[in-house]
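# My questions are about this predicted structure, shown below with the sequence.
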Amino acid sequence: MTSPTGTDAAAPEAAGSMSRAGDLFQLLRDGKARTRAELALTTGLARSTVASRIDALMQSGLVGPAGEASSSGGRPPSRFAFNPAARVVLAVDVGATHVNIAVTDLNGTVLAERRLGQDVADGPVAVLDRVVSEGTKLLGQAGRGTEDLAGIGIGLPGPVEHATGRPVKPPIMPGWDGFDVVRHVQRSLPVPVLVDNDVNIMALGEQTSYWPEDGNFLFIKVATGIGAGIISSGQLQRGADGTAGDLGHVRVPRGDDVLCRCGNYGCLEALASGPAVAQSLTLQGVTADDGGDVLRLVAEGNLQAIQALRQAGRDLGDVLATVVNLLNPSVIVIGGSLGQAGEHLMAGVREVVYRRSLPLATTHLRIGLSMAGDQAAILGASQMVTQFVLSPAVIEATLQSAG
């Protein structure tokens with residue numbers, strides 16, 4: 001079958017002699033070295049079958065030798081393990097005024113990184129052409145070539161139809177609506193290209209890197225806008241049209257007279273985003289143009305800024321209390337630029353969530369700050385690609401084409 005990103009992924013049953021080779025590979029993705037005999041015992045497959053599949057995986061470079069096991073007599077058996085250095089991923093985080101690009105291995109380890117000033121409002125051609133140009137240079141800095149590239153993951157600051165990679169009416173991205181991001185990038189770099197909303201990939205990066213045991217997880221980005229990445233039962237939830245997690249336009253009770261840029265009144269974003277907090281401070285006589293000024297004032301100990309940020313936390317908590325009752329996450333992580341203010345925003349969130357959510361829903365609930373910080377999106381973009389290119393069907397298709 002053909003994937004929405006322009007790659008051919010053969011179904012396991014159609015992979016001929018390589019059927020289930022991709023499934024065997026999944027056992028090795030944990031990095032633990034195993035012998036052929038151990039793999040045969042685990043899978044129930046004949047040793048000859050395991051041997052042929054291991055040979056194919058080694059030829060692809062995805063599996064490599066990992067020393068020898070102890071011997072009970074005779075020649076020690078060879079061990080094999082996943083080789084994350086076999087390929088690399090180009091991970092891209094496009095923000096309102098920045099583009100972060102990184103080269104990672106297949107484990108998500110960052111090998112090289114570059115942060116650029118770039119307005120998303122410059123349009124898709126300008127932004128994506130720069131991504132391709134700078135990404136190609138970065139590959140060289142990491143000592144890799146385009147032939148080593150397994151795929152490209154891109155996070156965008158607006159709604160995305162994940163199946164096609166096309167932005168859908170993004171409010172701060174003029175010229176991007178419906179643009180074929182995948183095809184444009186593939187003209188220069190013909191590899192799998194996956195695109196998603198930036199908050200989704202931040203959630204994916206944070207959860208897989210720091211909370212892998214918590215499959216019910218919320219990542220809340222508080223910056224110029226406000227959004228959530230939802231992971232439920234271990235799966236990222238995008239919704240029917242890719243808009244799941246759009247908390248910024250949920251109504252907050254105290255905002256009845258506050259007009260949001262979407263045209264409605266009382267939206268969370270109009271009360272608790274960086275620009276909204278800055279505006280509220282300016283109305284109080286404290287000059288602040290944006291979220292960066294709010295953070296500076298808080299760091300300087302300005303009491304009005306601290307109180308405004310705590311109120312933003314309460315407003316966010318009003319919305320999250322309902323989300324907690326609805327989804328029952330075990331972890332909520334607050335990230336984004338305004339999340340850098342740490343405990344002041346967090347105090348307001350916790351105050352309301354623990355008071356208004358059902359006791360059973362908060363018994364084991366943890367609310368904390370992002371540990372990935374400004375690398376969350378890069379880690380998530382890399383993870384999005386590796387989950388696709390290392391899936392059983394794609395591995396089998398890769399082995400078939402190589403054979």
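Nice, I can see it.
# May I ask you to confirm that Pro392 is in contact with Arg53?
No: Pro392 lies out of contact with Arg53 (C-beta atoms under 8 Å); the separation is 11.8 Å. Where C-beta positions appear, they are placed from N, C-alpha and C, glycine not excepted.
# Tell me which of the two has more neighbours.
Neighbour count, other C-beta atoms under 10 Å: between Pro392 and Arg53, Arg53 has more, with 26 against 19.
# helices or strands next to the top helix by length along the chain in the packing?
Ranked by residue count under DSSP state H, the longest helix found in the chain is helix 303-327. Contacts defined by 3 or more C-beta pairs under 8 Å, 6 or more residues apart in numbering; DSSP states H and E place helix 303-327 against strand 217-222, strand 226-232, helix 268-272, helix 274-283, helix 291-299, helix 343-356, helix 359-362.
# what does the next helix or strand after it contact?
Going down the chain from helix 303-327, the next helix or strand is strand 331-335, by DSSP states H and E. Applying C-beta atoms under 8 Å, 6 or more residues apart in numbering, the external contacts of strand 331-335 come out as 202, 206, 211, 214, 216-222, 320, 324, 345-346, 349, 353, 365-373, 376.
# how about 7 Å then?
Contacts to strand 331-335, defined as C-beta atoms under 7 Å, 6 or more residues apart in numbering, come from residues 202, 206, 211, 214, 217-222, 320, 345-346, 349, 366-370, 376.
# CA atoms of that strand as PDB?
Coordinates of the C-alpha atoms in strand 331-335 are reproduced here as PDB (Å, rounded to 0.1, in the frame of the first residue of the first chain):
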ATOM      1  CA  VAL A 331       0.800  13.200  33.900                       C
ATOM      2  CA  ILE A 332       0.300  16.800  32.700                       C
ATOM      3  CA  VAL A 333       3.400  18.600  31.500                       C
ATOM      4  CA  ILE A 334       3.500  22.400  31.000                       C
ATOM      5  CA  GLY A 335       5.900  23.600  28.300                       C
END
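# What angle do helix 343-356 and that strand make with each other?
150 degrees (axes from the mean of the first three to the mean of the last three C-alpha atoms, to 10 degrees).
# buried ones in strand 331-335?
Within strand 331-335, the residues scored as buried using 16 or more other C-beta atoms under 10 Å are Val331, Ile332, Val333, Ile334, Gly335.
# Same check on stretch 310-323?
In stretch 310-323, residues buried by neighbour count (16+ other C-beta under 10 Å) are 310-321, 323.
# circling back: among the helices and strands packed on helix 303-327, which is nearest Phe80?
strand 226-232 (31.2 Å; C-beta to C-beta).
# ok and the closest one relative to helix 303-327, angle-wise?
30 degrees.
# so how far is Gly215 from the most centrally placed residue in the chain?
Geometric centre of the chain, nearest residue: Ile201, 2.0 Å, by C-alpha atoms, centre = their mean. Distance of Ile201 to Gly215, computed by C-beta to C-beta, to the nearest Å: 17 Å.
# which stretches of the stretch 51-200 of the chain aren't confidently modelled?
67-76 (pLDDT under 70).
# can you give me the strands for the stretch 51-200 of the chain?
63-68, 78-82, 88-94, 98-105, 110-117, 149-156, 160-161, 166-167, 193-197 (DSSP state E, counting those that start in this stretch).
# Enumerate every residue touching Leu247.
Taking C-beta under 7 Å, 6+ apart as the test, what Leu247 contacts is Ile226, Gly227, Ala228, Leu268, Val319.
# bridging residues for the third one?
Applying DSSP bridges to Ala228 yields these beta-bridge partners: Ile220.
# Does it touch Ile220 like I think?
Yes: here Ala228 lies in contact with Ile220, judged by C-beta atoms under 7 Å, at a distance of 5.2 Å.
# what sits against Glu269?
Gly225, Ile226, Gly248, His249, Cys260, Ala276.
# What sits closest to Gly123 if chain neighbours are left out?
Excluding the flanking residues, the one nearest Gly123 by C-beta to C-beta, 6 or more residues apart in numbering is Gly175, at 4.1 Å.
# now Ala112
Ala142 (4.0 Å).
# before we move on, the earlier item: contacts for the longest helix of the chain next, please.
By C-beta under 7 Å, 6+ apart, helix 303-327 touches 218, 222, 230, 232, 247, 250, 252-253, 268, 271-272, 277, 280-281, 284, 286, 294, 297-298, 332, 341, 344-349, 351-353, 356-358, 361-362, 365.
# Count the neighbours of Val193 for me.
24.
# Oh, that last question was meant for Pro359, not what I typed.
7.
# While we're on it, how confident is the model there?
Confidence at Pro359, expressed as pLDDT, is 89.
# State the distance from it to Asn325.
Taken as C-beta to C-beta, the span from Pro359 to Asn325 is 11 Å.
# rewinding a little: looking at the strands of the stretch 51-200 of the chain, which one is packed in the most?
strand 88-94 (a mean of 29; mean count of other C-beta atoms under 10 Å).
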